[in-house]
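Visitor: Sequence and computational prediction follow.
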Amino acid sequence: MAYENIRLETEDAIAILTIDRPKALNALNSKTLQELESAFNSLPATARALIITGGGDKAFVAGADISEMASISAAQAREFAALGHRAFATLEQLPIPTIAAVNGFALGGGCELALACDLIYASEKAKLGLPEVSLGVIPGFGGTQRLTRVVGKMRAKELVFTGERLDAAKAKEIGLVLDVLPADQLLAHCKAVAGKILKNGPLAVSQAKRVIEFGADQDLRAANELERQGFAVLFGSEDQKEGMKAFLEKRAAGFTGK
Ligand code: DAK
């Protein structure tokens, strides 16, 4: 499918999705959110990891599109929020690992997009925050909830109440990003992380993502039950046989994802 505001490329088994509206600092208007939802639903079957980044040299995504939101009604706001929630939930539930390469401003909806990814890495130029209250609204694409789960309730309240923009070092200090890289090394780093993941059994990685993601919102007993089931199910796979056989034969495993 041809997209207007995003680009989707595949390098080896890594899909790289670039949000590409640099004149609006890659702000998320409805069209871009629709394209994202469509792309998440139709990634190439060969893609085993997804990296999301921003086009141009200033922004990952500077937020939901304020010019589009400025004059919408409450009913339209509900639709807009539903579209964003749907797109980000689709991203969060992809069976492959997802990595946000935050190459610049990740504000509001941009920070929320990164938070819907499994891993977040940032360039030294990145600035992250949820400044919605400065516009008289609150985060509308899951930011209040996902941020709280990542950095804890009190930090999340501090960030959302103040609307403060964090530089990359501070974002790392509070656990909002994993690592900070020089701008020209960010994408290569994300590809290298994806490359390490790709060496492992794809069904196992997918199952690990599923149990961590669904387990995180459950009590420990229920979450451990999820893990037990996920563990057992993998013993019906060819990858489990191959992974353990390869270990015993002292060779690298050739996983097929079956
Ligand atoms: N939306 C639309 N256009 C944006 C934009 C945005 N979020 N951010 C930047 N732009 C546009 C600017 O208007 C400007 O356009 P022109 O004037 O050239 O036409 C162009 O991008 C370049 O921006 P600047 O000239 O401002 O560039 P600077 O380097 O001076 O500043 C900046 C960069 C990122 C600090 C600044 O642009 C800025 O503060 N941008 C807004 C950041 C922000 O507040 N983001 C959060 C947006 S609110 C909800 C659903 C969703 C949400 C809430 C509720 N419901 C449905 C309930 C989510 C809300 C948000 O994300």
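Guide: Perfect, thanks for sending it.

Visitor: for the nearest residue to Arg7 once chain neighbours are set aside, helix, strand, or coil?
Guide: In space, and not counting its chain neighbours, Arg7 is closest to Thr18: 4.5 Å by CB to CB, 6 or more residues apart in numbering. Where you see a C-beta, it was placed from the backbone N, CA and C, and this is true even at glycine. Using DSSP: H, G, I helix; E, B strand; the rest coil, the structure places Thr18 in strand.

Visitor: count of neighbours near Ala252?
Guide: Neighbourhood size, Ala252 [other CB atoms under 10 Å]: 9.

Visitor: near the ligand, which residues of the stretch 1-150 of the chain?
Guide: Selection of the stretch 1-150 of the chain residues close to the ligand by CB under 6 Å from any ligand atom yields 24-25, 27, 62-67, 77, 80-81, 84, 105, 107-109, 131-132, 135, 137, 139-141.

Visitor: Recalculate using a threshold of 5 Å.
Guide: 24-25, 27, 62-67, 77, 80-81, 105, 107-109, 131-132, 137, 140 (CB under 5 Å from any ligand atom).

Visitor: Output the host helix or strand of Phe247 as CSV, nothing but the C-alphas.
Guide: Secondary structure from DSSP states H and E places Phe247 in helix 238-248. Coordinates of the C-alpha atoms in helix 238-248 are reproduced here as CSV (Å, rounded to 0.1, in the frame of the first residue of the first chain):
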residue,chain,number,x,y,z
GLU,A,238,10.4,-27.4,16.1
ASP,A,239,12.4,-24.4,17.4
GLN,A,240,12.5,-25.9,20.9
LYS,A,241,13.8,-29.2,19.5
GLU,A,242,16.3,-27.4,17.3
GLY,A,243,17.5,-24.9,20.0
MET,A,244,18.3,-27.7,22.5
LYS,A,245,19.7,-30.1,19.9
ALA,A,246,22.0,-27.4,18.6
PHE,A,247,23.2,-26.7,22.1
LEU,A,248,24.0,-30.3,22.7
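
Visitor: In it, which residues are buried?
Guide: For helix 238-248, a neighbour-count test (16 or more other CB atoms under 10 Å) marks 239-240, 242-243 as buried.

Visitor: Switch those residues over to TSV; also include distance to Gly163.
Guide: TSV is the format used below for the buried residues of helix 238-248 (distance: CB to CB, whole Å):
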residue	distance to Gly163
Asp239	46
Gln240	48
Glu242	50
Gly243	47
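
Visitor: Among those residues, which one lies nearest to Pro95?
Guide: Asp239 (14.0 Å; CB to CB).
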